[in-house]
Structures are given as structure tokens and as C-alpha cells.
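A.B. asks: here are the coordinates; sequence isn't available:
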């Protein structure tokens, strides 16, 4: 059972570089989420999607873009990485906003 | 405004002690859902429980129990006879509706780190 898979698991970027984080789920979930986790800040919602082609902003969307072209995939893009985006990123999916979410293993991103 | 407050940043107990993790939430929705997740040192997030706003019955699962009180907007989590394996960060979360889009989103508290020593 794959569940929610995040790619890559680790990445180091230089300031100004761009990258895309991929999240894939095989549970046919409608909802998908991207969070970042920072010490003392808990999990903060970046963007989320309620279905293919539909996305919405979370608490900390600035500096990130997302796309949900296929139901099973949710991409998180950083166009011009900044050191403030150093964090652990988690993707999650759920049947709906009222159901428990299943999380990926996380991506540790360092921007130098 | 913070929607989910976990005032306890870190708690240290000795094995076999009981411990309660506090969660206070804020929402304007009449229908909402509350969750607890566990993040062990390995880093993954594990779903523990979901509770809807219409069900105020306490729930018990083994050594874990949850106390939901709408009157105080709290959803507290108690571990009875704690064990070293309970050492983790515990997150409380709230599912709320975005007033503009109607979409439901899951927001988390800042977490409580529980350290259980032998």
C-alpha cells in the first residue's frame, strides 16, 4: 500500500533556484494538502485542493504555487527559493475535509 | 487568529504516569471536526482520532482517551500509564469551512512534545 508518496525526500537549493515537490496518492482522495513544519510553529497549511483542477490558499501561501492536473497528484512549486522556505514539507490527502488525512513521509528542504 | 491552541509546548513525565494534553479550538462553524495526530521521532504523522461537533461522548482506546467539551471548546487527550514509546509530538487539528469558497480545510495547533522517561 503506497498511500501518500512525496518526491524528493531531501533537497538542498540555492537561493533563487526553483523546484517542484511532487505528491502522489493512490486512495482516490478528493482533498490534498501541502503543509510546512517549522520548529515551534506546528504544521501550517500552504495550499490545498478539493479536487482535480481546483486549488485554494491556506495560511502561508506566499512564495508557493500549486497545481492539481490529475486527481492523484498535487504539485508544490517554489519559483525562487528563499532561505525562509527552509522547512519540512508534508503532503496529505483525505476523502473530504471532515475525514482524517493521510500524510506522506515529508520532504526536508534546505535553501542556502 | 489562531484556531487551535496547544498551550503546552513540552511535557515530561516518568513512565506509568498519566498525562493530559490540552487542546482549545476556536470556530464559528456549527459543524466541525477535531483530530489528534501523533508524530514520533521518526517524523511521520499518524492519525489517532476524529470527533465531530455533535458527538460529545468521551472515547477510550486502550490507554488513550479523549474528552470533548463544547462548552469550553476543548478536546483534550489523556494517556494513561504512559510508556516510553508514547514519546512524540502530538498535534490537535480542526477541520473548518472557508467562508468564501465553502472548502473545508484542516488546520493544526503548534503541537505538544511529550517526553516519557523510563
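C.D. replies: Alright, I've got the coordinates. Quick caveat, the model's predicted, so the values are computed rather than measured.
A.B. asks: And the spatially most central residue of chain A, its phi and psi?
C.D. replies: When Cα atoms, centre = their mean is applied to chain A, the residue found nearest the centroid is residue A:34 (3.0 Å). Main-chain dihedrals, residue A:34, degrees, to the nearest 10: phi -120, psi 130.
A.B. asks: so who does it touch?
C.D. replies: A:21, A:23, A:45-48, A:58, A:64, A:66, A:74, A:76, A:89-91 (Cβ atoms under 8 Å, 6 or more residues apart in numbering or on different chains). All C-beta atoms are positioned from the backbone trio N, CA, C, and that covers glycine.
A.B. asks: Give me the pLDDT for it.
C.D. replies: Here, the pLDDT recorded for residue A:34 equals 97.
A.B. asks: Keep only the contacts of residue A:34 that also lie close to chain B.
C.D. replies: A:45, A:48, A:58, A:90 (Cβ under 8 Å from any Cβ of the partner chain).
A.B. asks: neighbours around the closest residue to chain A within chain B, how many?
C.D. replies: Minimum separation of chain B from chain A (Cβ to the nearest Cβ) falls at residue B:104, amounting to 2.2 Å. For residue B:104, the neighbour count with other Cβ atoms under 10 Å in any protein chain shown is 21.
A.B. asks: For stretch B:8-16, measure first residue to last.
C.D. replies: End-to-end distance of stretch B:8-16 (Cα to Cα, to the nearest Å): 20 Å.
A.B. asks: same thing with stretch A:93-108?
C.D. replies: Using Cα to Cα, the two ends of stretch A:93-108 sit 19 Å apart.
A.B. asks: And stretch A:92-112, by the same measure?
C.D. replies: Termini of stretch A:92-112 sit 26 Å apart (Cα to Cα).
A.B. asks: Tell me which residues of it come out buried.
C.D. replies: For stretch A:92-112, a neighbour-count test (16 or more other Cβ atoms under 10 Å in any protein chain shown) marks A:92-94, A:97-104, A:106-107, A:109, A:111 as buried.
A.B. asks: and residue B:70, what are its phi and psi?
C.D. replies: phi -70, psi -30.
A.B. asks: What's the local residue count around it?
C.D. replies: 11.
A.B. asks: what residues are up against residue B:86?
C.D. replies: B:79, B:114, B:116.
A.B. asks: so the nearest residue to the second one once chain neighbours are set aside is in which element?
C.D. replies: I take that to be residue B:114. Nearest residue to residue B:114, sequence neighbours excluded (Cβ to Cβ, 6 or more residues apart in numbering or on different chains): residue B:11, at 5.2 Å. Using DSSP states H and E, residue B:11 maps to strand B:10-14.
A.B. asks: Who does the spatially closest residue to residue B:56 that is not a sequence neighbour form a beta bridge with?
C.D. replies: The shortest distance from residue B:56 to any non-neighbouring residue, by Cβ to Cβ, 6+ apart, is to residue B:68 (5.3 Å). Applying DSSP bridges to residue B:68 gives these bridge partners: residue B:75.
A.B. asks: Isn't residue B:97 up against residue B:33?
C.D. replies: No: if you go by Cβ atoms under 8 Å, residue B:97 and residue B:33 don't touch, sitting 10.6 Å apart.
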